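Q: from the sequence below, what's the structure:
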Amino acid sequence: MIRPVELEGRKYTAVESELGNLRLIVIKAKRGYIACSYIDRETAEKVGDVAGFVCGVKNVDDMLRAKLRTATTWAEDMGLREGMSVKKALEILDTES
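A: Just a heads-up that it's a prediction; the model follows:
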């Protein structure tokens, strides 16, 4: 399922899909995305994605309350850090360069 998510006047696109025993969950901002641990950080790094990652979430609402576990180098260069709230990370990823 693809649906819009709005936080403090900013609009994002959320993707949730049942793949197997867990859901794939991604929230896309203008300059990158936040993903659950179904998405591999190493692969995201290899292809140059600006991305942050969380674990232990079951839906988009859980993700919005979560803290980052890790991020790609490019996301770190933009200011994303381990332990940062997903809401703050999305705000950073939504700003114009």
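Q: quick check, central residue of this protein?
A: Against the mean C-alpha coordinate of the chain, by CA atoms, centre = their mean, the closest residue is residue 34 at 0.6 Å.
Q: okay, now the unreliable bits of this structure?
A: By pLDDT under 70, the weakly predicted segments of the chain are 97.
Q: try 90
A: For the chain, residues meeting the criterion pLDDT under 90 lie at 8, 19-22, 37, 95-97.
Q: where is the longest helix in it?
A: Across the chain, the helix with the greatest residue count (assigned by DSSP state H) is helix 86-94.
Q: go through it and flag the buried ones.
A: 86, 89, 90, 92, 93, 94 (16 or more other CB atoms under 10 Å). Heads up, the C-betas are built off the backbone N, CA and C, glycines and all.
Q: related to what we said a few turns ago, from what I can see the residue nearest to the centre of the chain touches residue 51, true?
A: Yes. If you go by CB atoms under 8 Å, residue 34 and residue 51 touch, sitting 7.1 Å apart.
Q: helices or strands up against the helix or strand harbouring the residue nearest to the centre of the chain?
A: Using DSSP states H and E, residue 34 maps to strand 33-35. Using 3 or more CB pairs under 8 Å, 6 or more residues apart in numbering; DSSP states H and E as the contact test, the elements touching strand 33-35 are strand 23-28, strand 51-53, helix 86-94.
Q: wait, which of those is closest to residue 38?
A: Across the helices and strands packed on strand 33-35, residue 38 has its closest neighbour in strand 23-28 (4.6 Å, CB to CB).
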